[in-house]
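J.: Dropping the sequence and predicted coords here.
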Amino acid sequence: MIQFPRLIADFAALPSWRLLRWLPLLAVFAMMAAPPSADAATRRRAAGAYDGTWNVVFATTRGNCSSGYSVPFTVFGSRVSSAGGGRVSGLVNRAGAVAVRVSVGASRASGGGRLAGSYGAGSWSGIISGDRCSGTWQATRG
């Protein structure tokens with residue numbers, strides 16, 4: 001069994017020029033013992049299976065709203081945001097469940113659903129150009 005106090009005392013007693021040859025080994029041990037930087041840990045945690053730009057096409061099933069309009073979304077980690085064309089905010093969890101709010105001018109809608117691979121689908125409801133409407137949405141990544 002190694003006695004660490006004795007080992008440290010023997011190491012400290014070495015002449016300083018002999019300590020230099022141990023410096024590379026000590027540097028390797030120090031790097032192995034140091035925790036990863038906060039930035040690297042944050043980037044790993046933030047990256048997600050659903051990252052990328054999604055094109056979301058909306059279909060109206062109830063109400064007097066037009067169908068077939070689309071809004072690009074960006075997913076990064078658990079956050080959903082706009083990729084252009086209105087304000088988009090929302091969250092997606094690791095299982096792919098997504099909840100989103102969209103506003104374009106005076107029109108506002110919220111929806112939920114699921115993403116899986118490069119495809120997603122769900123439902124939405126809101127007030128579009130003054131009319132209360134609801135329907136479904138489909139999304140493709142890329």
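T.: Yes, it's here.
J.: Show me where the chain dips below the pLDDT cut-off.
T.: For the chain, applying pLDDT under 70 flags the ranges 1-47.
J.: the domain parsing of it - what is it?
T.: 4-34, 47-141 (automatic domain parsing).
J.: want to throw those domains into a markdown table with mean neighbour count?
T.: Quick note: C-beta positions are derived from backbone N, CA and C, even for glycine. Putting the domains of the chain into a markdown table (neighbours: other CB atoms under 10 Å) gives the following:
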| stretch | mean neighbour count |
| --- | --- |
| domain 4-34 | 9 |
| domain 47-141 | 16 |
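J.: what sits up against the helix or strand hosting residue 72?
T.: Assigned by DSSP states H and E, residue 72 falls within strand 70-76. Contacting residues not belonging to strand 70-76 are listed as 46-48, 50-58, 80-86, 88, 92, 100, 102, 104, 115, 139 [CB atoms under 8 Å, 6 or more residues apart in numbering].
J.: Can you list the strands that it pairs with?
T.: strand 52-62 (antiparallel), strand 79-82 (antiparallel) (DSSP bridges).
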